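Engineer: here's a sequence, model it:
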Amino acid sequence: MDLHTRPVSKPIPLRDGGCIAGAGPVICAPLVGRSRVSLGVEASSLAVQQPDLLEWRADHFEGGVAGAASDALVATAAVIRAAAPGRPLLVTLRAVREGGVDRGLDDATRAGLLGRLARDGLADIVDFEAGSDPDALAMLREICVLARVPLLLSMHDFERTPSPESLLAAFTHMAALGADIVKLAVMPRSEADVTMLLEATSRADRSLAIPVVGISMGELGTPSRVIGHRFGSRITWCSGLEASAPGQLPLELLRRLVEESRAP
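Structural biologist: Numbering: from 1, shown residues only. Prediction:
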């Protein structure tokens with residue numbers, strides 16, 4: 001494993017040309033509340049801990065996300081932003097096939113909802129799965145370009161860690177689809193799988209012009225959330241009031257461990 005520490009210099013792009021810069025990883029805290037009120041409380045509570053980025057997992061929201069009810073999504077995003085002023089917001093409406101809550105939405109509908117939040121200036125970044133319907137992805141990409149909102153393309157494998165070649169190919173494929181940030185999260189079955197994910201992330205970081213994120217999930221993969229920045233992984237997720245993925249650590253613990261990992 002290549003343990004040569006190097007600064008993570010690629011900034012994370014935000015809406016309207018903003019960015020999150022710095023040599024360390026961006027720490028992102030997920031919001032998984034199921035109601036507008038609970039999300040406001042959650043956002044306010046997490047904002048006090050000053051994560052670099054908030055992620056709203058809108059698939060957890062039970063207030064209605066389809067058709068005319070998209071107004072509820074917009075209103076809720078506004079509540080989140082008001083509860084956490086100054087905190088950039090990544091919005092994710094995760095597909096069921098990649099770990100999301102089933103809301104009965106097809107890819108085109110999810111893309112349309114994310115697109116509306118981008119157009120309305122309520123999302124600083126939007127996340128969409130690279131394996132989504134190509135037409136839906138192209139539509140969302142066009143909206144994001146016009147709205148000046150970065151598109152994070154993601155891929156998740158909750159069963160295994162693919163080969164090093166497949167991992168690097170996945171990063172490269174997402175970049176070729178027009179992503180502004182690429183994220184790959186996989187499940188390890190051994191420590192060797194964690195090493196493989198980190199090495200593939202390092203290779204992708206060196207070969208691609210955009211920020212990359214590589215995560216090995218579950219308890220076995222937790223070290224990747226702490227030292228991933230040493231391999232070019234630009235964002236790491238903590239747990240919020242609740243975890244949104246296996247292997248996440250509480251924000252303050254993650255922050256301390258990351259700082260310790262940066263010490264000479």
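
Engineer: was I right about A111 contacting P134?
Structural biologist: No - between A111 and P134 there is no contact, the gap being 10.8 Å when judged by Cβ atoms under 8 Å. Yep, even glycine has a C-beta here, placed from its N, CA and C like the rest.

Engineer: neighbour-wise, which of these two wins?
Structural biologist: In this view A111 and P134 are compared by other Cβ atoms under 10 Å, and A111 has more residues nearby, 24 against 11.

Engineer: okay, and that one sits in which element?
Structural biologist: Assigned by DSSP states H and E, A111 belongs to helix 107-119.

Engineer: who's in contact with that helix?
Structural biologist: 15, 58, 65-66, 70, 73-74, 77, 91, 93, 95, 105, 123, 126, 128, 132-133, 135-137, 139-140, 143-144, 146-147, 149 (Cβ atoms under 8 Å, 6 or more residues apart in numbering).

Engineer: which ones among these lie within helices?
Structural biologist: Among the contacts of helix 107-119, the members falling in helices are 70, 73-74, 77, 135-137, 139-140, 143-144, 146-147 (criterion: DSSP state H).

Engineer: and for G40, the neighbour number?
Structural biologist: Residues lying near G40 (other Cβ under 10 Å) number 18.

Engineer: in a helix, it, correct?
Structural biologist: Yes - under DSSP: H, G, I helix; E, B strand; the rest coil, G40 falls within a helix.

Engineer: in the worst-scoring helix or strand of the chain on mean pLDDT, which of the residues would be classed as buried?
Structural biologist: Confidence across the helices and strands of the chain bottoms out at helix 251-262, with a mean of 92, counting by mean pLDDT, DSSP states H and E. Within helix 251-262, the residues that qualify as buried are L251, L254, R255, L257, V258, S261, counting by 16 or more other Cβ atoms under 10 Å.

Engineer: got it, and stretch 174-188?
Structural biologist: Of the residues in stretch 174-188, those scored as buried under the neighbour-count criterion (16+ other Cβ under 10 Å) are 174-175, 177-188.
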